[in-house]
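Asks: please work out how this folds:
(2 chains)
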Amino acid sequence: MKVKDHMELFQDSQYREMFERKQAFENPCSLEEIEKTLEWTKTWQYREKNFARKALVINPAKACQPLGAVLCALGFEKTLPFVHGSQGCVAYFRSHLSRHFKEPVAAVSTSMTEDAAVFGGLSNLLEGFENAYALYRPEMFAISTTCMAEVIGDDLGAFIRQAKDKGKIPQDIPTPFAHTPSFVGSHINGYDNMLRAILAYFSDHSTGSNDSINIIMGFDTYTGNTREIKRILNTMGIRYRILSDISDVLDSPNTGQYVMYPGGTPLRELSDAPGAIATVSLQAHCTEKTGELIKQSWNQQFLSGPPPIGIENTDRFLEEISRLTGRTIPDELEAERGRAVDAMVDSHPYIHGKRFALVGDPDLLLGLISFIMEMGGEPVHIVCTNGGKRFEEQAREILGSSYHGRNAEIYTGRDMWHLRSLLFTEPVDLIVGNSYAKFLWKDTGIPLVRIGFPIFDRHHLHRYPIVGYQGVINLVNWLVNTVLDEMDRASINTQSFDVIR
Amino acid sequence: MKSTIERTQRIIDEVLEVYPEKTRKHRARHIKPNDPTGECGSACQVRSNVKSRPGVMTIRGCAYAGSKGVVWGPVKDVVHISHGPVGCGQYSWWSRRNYYNGITGIDSFVTMHITSDFQEKDIVFGGDKKLEQICREIKEMFPLARGISVQSECPVGLIGDDIEAVAKKMTEQLGIPVVPVRCEGFRGVSQSLGHHIANDSIRDHVIGTAELEETTPYDVAIIGDYNIGGDAWTTRKILEEMGLRVIAHWTGDSTLNELAITPKAKLNLIHCYRSMNYICRHMEQQYGIPWVEYNFFGPTKIYESIRKIASYFDDSIKERAEALIARYKPMMDEVIERYRPRLEGKTVMLYVGGLRPRHIIGAYEDLGMKVIATGYEFGHKDDYQRTYPELEEGTLIYDDATPYELEEFTKRLKPDLVGSGIKEKYAYHKMGVPFRQMHSWDYSGPYHGFDGFAVFARDMDMTVNNPTWKLIRRRTR
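Replies: Numbers count the residues shown, from 1 in each chain, chains lettered A, B, ... in the order given. Next comes the predicted model:
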């Protein structure tokens, strides 16, 4: 007996015939109509219509602010992300993050309903605090908002003060809060707002200057990245803290026990952060407001550039760190650099001249553009739904620095349906994007390399770093082996089906 | 009070101890030992369909999830606008696996994320003008779309937009139905009201708007099957083999036309009672169409259901039904023969939505497994009343359970398998308790029908008996 699941079952003739019979009730479009329309959507004419869209958004590559706020909050020790607003939103954030990380995600909402829409969400917030504190015993509540609370205009600061005055939660428990309206910006801004709020909360408790540095990863969904940065800094013997460290929270060991707070930046470290030598943000677009706070009130350097993706970006990152701390870059890292470059040299024939379409968050894209050009690849379509003018300028500058950037076009505020038109009218060799970009692969047949967020349909990729020299090796691996797989597929019935490549 | 009931009640009291008093009293009403006889009276009646307490990490979603995510989303030839900010549509994008046949982006739109992506100016000045523009652009981009639905997100109802007026105007201008759905996430207490609102919007804007030229005495509709992993297809196959003609799916792999012609059915067959009893009642009142609940999980319930459905028809159908059962029984016995020895005596804890907390019990029993605890995310009283008789006395029943409660009950009841959702899945993995995601069949399926039972049995076996669980080196607290 062979068990057939959905993969095989519905290919059986019995089911195929049933599907045909079902059409009698469907009022389907005619095959000619479908064929004609399908072909039309591949044309320049459709592309022009598509780009003339003013209001309709189709398959955007961005999420909303509170998702970013929740991710940021998760990165602090014993911190409960506490979202003031509708409960459905938090159910969505938890599902969304769990699907990517394959990890449990703890967050609560104040379950606001219609009566809260009329009377405001104060009583929800008070009871929410009381229940959450009793059940989950956090040492910090990191509070953000859904669009419901934002539209109503609840006064978070006053509400939280009342909660403490009424004894719902202890007076001294940290309760940083951020307004994170989902109708402004995207998840990266929510991350920024939450992080700024948390850091501001602890700014007053500064323990004075010290010889450490602060690192901000940003809305970075690669736990492997955080671990890699920590490894590099440990190798260099640097004292540091990661401000929002999700690595142990969203990649926790299986011990036969569910631990609600398995890691995160220790709260006591937050008081040391203002006295550090400098803060280095690996995602500039994700830390605009946080950077302002640090520059204004911490009296230290705030550095943010493209993330250390690729050789040059990693070189620059290490040099900055070395300059800031006075520590030299050890031979060990130099050897890693050599190995990463060696891998790129070995694989370059399969990447050189290849045309790329990229879609993702601004900071990730800036890093990837640079890395792809380092290998001789050519970014052609760069789609950044949540990118603006500043991203465009930065991307243009990077692209302008290399011969391989000459064919690139940058599309900010555009979505993956725009990208579909671009791919049909001006085809490329590879797509780089998240799991939802697989629909582009399906429609166009152009292979997809999954880099970004969310990645739902492949396991464990987020455990591998894409930053640092080690990250370079992983990126080379994914890119070149996708190309090689594709070459095998394309040459399967030809003489080019080589065994050595 | 009977001892089994008392024992379970003690466990419940213990687990609830940690709550603040008000919340403890509230939660106590939602968690009860099962009393199939009804002798223990109101003390064993689970309270349901009321607001979740703030701050307790409810697993529930919202009305939008119930409408766009469950009822409307699978209608394949309609473009569903997630009307409001970008998030809701992003997080519910192709996460429910409502399979369909069609060319995505051309004549079908299920796996797409279409949104009005509200910005601050839309909140301040209202989104109605934008919505009009969006409807026009949909018509331009997707000329073969048979309709548009407007799935309202929270802000729409708070800023006083008149989406009904926009929908009416656009229906006239574009020549396709534009259906306004008031499923803002703050309405109601869970997904459930969203189901109801979605049912009502189909009733008001779709039902009866198309004709079915030829009818037969054997016309039926499948109601409340969302074709997760192909569930509705395995169901349709059985019904067709019984000699019935399925004229509509609600709403897995469905088209607008199918919904419109449903009043021509002679009998409505409802699987997910929770999400679609509303439309069945409406069609009964308005068109005199009877409806019958059935359960296509596991052979025992499938045989029972086939006979129940056949009883509404003439002898030819009844005979075909018997012949069908006789044909499939050896195959089902073979499945049981293979998997039952590996699963016999294993215990199961469920916490799901819709129909599953009661409908899957029989399928587990076919495999020799026993459900020792179950509950609904967003059930109502009538769901619990249908559940009590299915379970032994003293079985734990919880409503709107929190992860804290589930974890504590798991520690005390020590089930061999837990079936719940994605938010619970990985906490159970950490706990080293075999777990299946029973909303989306853990990306497997189908689980309905004869073809689905084999997959169900295989999956439960692979999870309960997988060797990885034994590798966990347990840390004791």
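
Asks: let me see the contact set for the residue nearest the centre of chain B.
Replies: The centroid of chain B falls nearest to residue B:354 when counting by CA atoms, centre = their mean (4.1 Å). Residue B:354 makes contacts with B:224, B:272, B:274-275, B:376, as judged by CB atoms under 8 Å, 6 or more residues apart in numbering or on different chains. Glycine gets a C-beta too; all of them are placed from N, C-alpha and C.

Asks: is chain A contacted by stretch B:263-283?
Replies: No. Applying CB under 8 Å from any CB of the partner chain, one finds stretch B:263-283 out of contact with chain A, separated by at least 9.7 Å.

Asks: how about that stretch: buried residues?
Replies: By neighbour count with 16 or more other CB atoms under 10 Å in any protein chain shown, stretch B:263-283 contains the buried residues B:263-280, B:282-283.

Asks: show me the strands in the stretch 151-300 of chain A, by range?
Replies: A:213-216, A:240-242, A:278-281 (DSSP state E, counting those that start in this stretch).

Asks: for the first one, packing partners?
Replies: Secondary-structure packing of strand A:213-216 (3 or more CB pairs under 8 Å, 6 or more residues apart in numbering or on different chains; DSSP states H and E): strand A:240-242, strand A:278-281, helix A:311-325.

Asks: out of those, indicate the one that is most buried.
Replies: The highest mean neighbour count among the helices and strands packed on strand A:213-216, using mean count of other CB atoms under 10 Å in any protein chain shown, belongs to strand A:278-281: a mean of 24.

Asks: quick one: average confidence on it?
Replies: Mean pLDDT, strand A:278-281: 98.

Asks: closest point of the stretch 51-200 of chain B to chain A, which residue?
Replies: Chain A sits closest to residue B:62 of the stretch 51-200 of chain B, with a gap of 2.4 Å, by CB to the nearest CB.

Asks: quick one: contacts for that residue?
Replies: Counting by CB under 8 Å, 6+ apart, residue B:62 touches A:86-89, A:91, B:185-187, B:190-191, B:194.

Asks: and the closest residue to it other than its chain neighbours, what does it touch?
Replies: Computed as CB to CB, 6 or more residues apart in numbering or on different chains, the closest residue to residue B:62 that is not its neighbour in sequence is residue A:88, at 2.4 Å. Listed by CB under 8 Å, 6+ apart, the contact partners of residue A:88 are B:60-65, B:88, B:185, B:191.

Asks: next, count neighbours for residue A:480.
Replies: When neighbours are defined as other CB atoms under 10 Å in any protein chain shown, residue A:480 has 22 of them.

Asks: correct me, but residue B:156 touches residue B:81?
Replies: No. Using CB atoms under 8 Å, residue B:156 is not in contact with residue B:81, being 10.6 Å away.

Asks: the more surrounded of the two?
Replies: Each of residue B:156 and residue B:81 has its neighbours counted (other CB under 10 Å); residue B:156 has more, 31 against 26.

Asks: who in the stretch 251-400 of chain A is up against chain B?
Replies: Contact residues, the stretch 251-400 of chain A versus chain B (CB under 8 Å from any CB): A:252, A:254-259.

Asks: please check those residues and keep the buried ones.
Replies: Listed as buried from those are A:252, A:254-255, A:257-259; burial here means 16+ other CB under 10 Å.

Asks: now, which of the buried residues of stretch B:263-283 lie within strands?
Replies: Within those, residues falling in strands by DSSP state E are B:267-270.

Asks: can you list the residues you listed in JSON lines and add pLDDT?
Replies: Shown next, in JSON lines, are these (pLDDT from 0 to 100):
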{"residue": "B:267", "pLDDT": "98"}
{"residue": "B:268", "pLDDT": "98"}
{"residue": "B:269", "pLDDT": "98"}
{"residue": "B:270", "pLDDT": "98"}
